[in-house]
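In: okay, sequence plus prediction incoming.
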There are 2 protein chains.
Amino acid sequence: MAHLTDIKASSAPEAERTLPPALLERIGFLLAMTKGGAEGFCTPALAPLGLHVRQFGLLTVLATEGPRSQQELADWVRMDRTTMVGFIDGLEEAGYVRRERNPSDRRAYLLQLTPEGRKVQKRAEGLMLEAEDEFLAELSETEREQLLGLLAKLAIAVGRPPSEKAAP
Amino acid sequence: MAHLTDIKASSAPEAERTLPPALLERIGFLLAMTKGGAEGFCTPALAPLGLHVRQFGLLTVLATEGPRSQQELADWVRMDRTTMVGFIDGLEEAGYVRRERNPSDRRAYLLQLTPEGRKVQKRAEGLMLEAEDEFLAELSETEREQLLGLLAKLAIAVGRPPSEKAAP
DNA sequence: AGCAAATCATCAGCACAACTGACGATCAGC
DNA sequence: GCTGATCGTCAGTTGTGCTGATGATTTGCT
């Protein structure tokens, strides 16, 4: 449906598709653009499951790290504990997670992944891999590994208090 | 004020600072984390100027690309045109930008950078470079160039219609 | 044992940005 | 000239992050 003529029809054919060169060296701008782009692939990919990207993250942490409290989960994914409530509500209503009290600290929950939760996490992971592959289409396998590695380095570094930079 | 004893006082000293290993390979998660981290450096850096990160982007585009309409500006930085209004309002009230009508299309503006606007953009750029340097502290010069290059590749690719993937 | 301070989950409320839909003003094609 | 499209604007909705307060519970101190 979208032929080249359609593109030419707009007033600023390719300028709209390009990013301002001056901002292409601003890491913050690039991260904002690419993060938005990744969401554009991942969010629709999980839509068939009725799952939010963040909920996938939470399911994944529970699947790999075992039962945790909401507070711990919030710390893992750098989310606010008050925001966490709503997301866990959704997962609980969908039957993917159960709120069970921690016997040794009855203030906190031990969020339990249900069998359906574990199943949907696996399926969601497959969909995510497909979406990521599409998103990263422009990069070679080597480039993808490089990018992942560099981002992981940065992601781990941020959030660490500056005091650790001058660790004794 | 924050000695090591303060850190040890919390229940989970280093676990809270780490990211879930299972998500360290999810590009979307990494981008979300690093984008948030970058904002944590850049937003406070521009605070003394009373400037938003996005406003810095807009000033930069105007400085490098010349007068544009709000719509064109919105296309450049992938921002909604209705959201643009408020940001330009702020820049205009601060005296950094003037809304002048485009003589050849009196529906649209030609946003003019004032001398103060040009000055504050330069200062903001300096502050941004410092903030980025701090944010990227963990990476070598080579790694920074790699990261910028890979992100730029991705950022340019997203938003481009899929039809261009099979460009003749 | 008992009291004070801290912590967990929750809720109400505020702030902010994205987005939709509508509107008047203006332009372009026919 | 008409019709349809575009630009900037506004009103309203949504989603997310954060603050502050609350009740239940735990921990530390004495």
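Out: Received it, and whenever you're ready, just let me know what you need.
In: so the longest strand along chain A, near DNA strand D or not?
Out: Criterion DSSP state E: the longest strand present in chain A is strand A:105-113. Yes. Against DNA strand D, strand A:105-113 shows contacts by Cβ under 7 Å from any atom of the strand at A:105-107. (Each C-beta comes from the backbone N, C-alpha and C, glycine too.)
In: buried set for the following helix or strand past that strand?
Out: Next along the chain after strand A:105-113, taking DSSP states H and E as the criterion, comes helix A:115-135. Within helix A:115-135, the residues scored as buried using 16 or more other Cβ atoms under 10 Å in any protein chain shown are A:117, A:120-121, A:124-125, A:127-128, A:131-132, A:135.
In: residue numbers of chain A in contact with DNA strand C?
Out: Proximity of chain A to DNA strand C is confined to A:69-71, A:74, A:81-82, A:84-85, A:88, A:99, A:105, A:107-109 under the rule Cβ under 7 Å from any atom of the strand.
In: what subset of the residues you listed is buried?
Out: Among these, the ones that count as buried by 16+ other Cβ under 10 Å are A:69-71, A:74, A:84, A:88, A:109.
In: where does pLDDT dip in chain A?
Out: A:1-17, A:159-168 (pLDDT under 70).
In: which residues of it fall in strands?
Out: Assigned strands in chain A, in chain order: A:97-102, A:105-113 (criterion: DSSP E).
In: helices of chain A, start to end?
Out: A:4-9, A:27-46, A:53-65, A:70-76, A:81-93, A:115-135, A:141-157 (DSSP state H).
In: what's the offset of the second one from the middle of its chain?
Out: What that stands for is helix A:27-46. Computed by Cα atoms, centre = their mean, to the nearest Å, the chain-centroid distance of helix A:27-46 equals 9 Å.
In: tell me the angle of it relative to helix A:53-65?
Out: Calculated by axes from the mean of the first three to the mean of the last three Cα atoms, to 10 degrees, helix A:27-46 forms an angle of 80 degrees with helix A:53-65.
In: list the buried residues in helix A:27-46.
Out: Buried residues in helix A:27-46, defined by neighbour count with 16+ other Cβ under 10 Å: A:27-35, A:37-39, A:41-42, A:45-46.
In: is it in proximity to chain B?
Out: Yes. Under the criterion of Cβ under 8 Å from any Cβ of the partner chain, helix A:27-46 makes contact with chain B via A:27-40, A:42.
In: between that helix and helix B:141-157, how many degrees?
Out: Between helix A:27-46 and helix B:141-157, the angle comes out at 50 degrees (the same axes, to 10 degrees).
In: do helix A:27-46 and DNA strand D meet at all?
Out: No. With Cβ under 7 Å from any atom of the strand as the criterion, DNA strand D is not reached by helix A:27-46; the gap is at least 8.9 Å.
In: what's that helix packed up against?
Out: Secondary-structure packing of helix A:27-46 (3 or more Cβ pairs under 8 Å, 6 or more residues apart in numbering or on different chains; DSSP states H and E): helix A:53-65, helix A:115-135, helix B:27-46, helix B:115-135, helix B:141-157.
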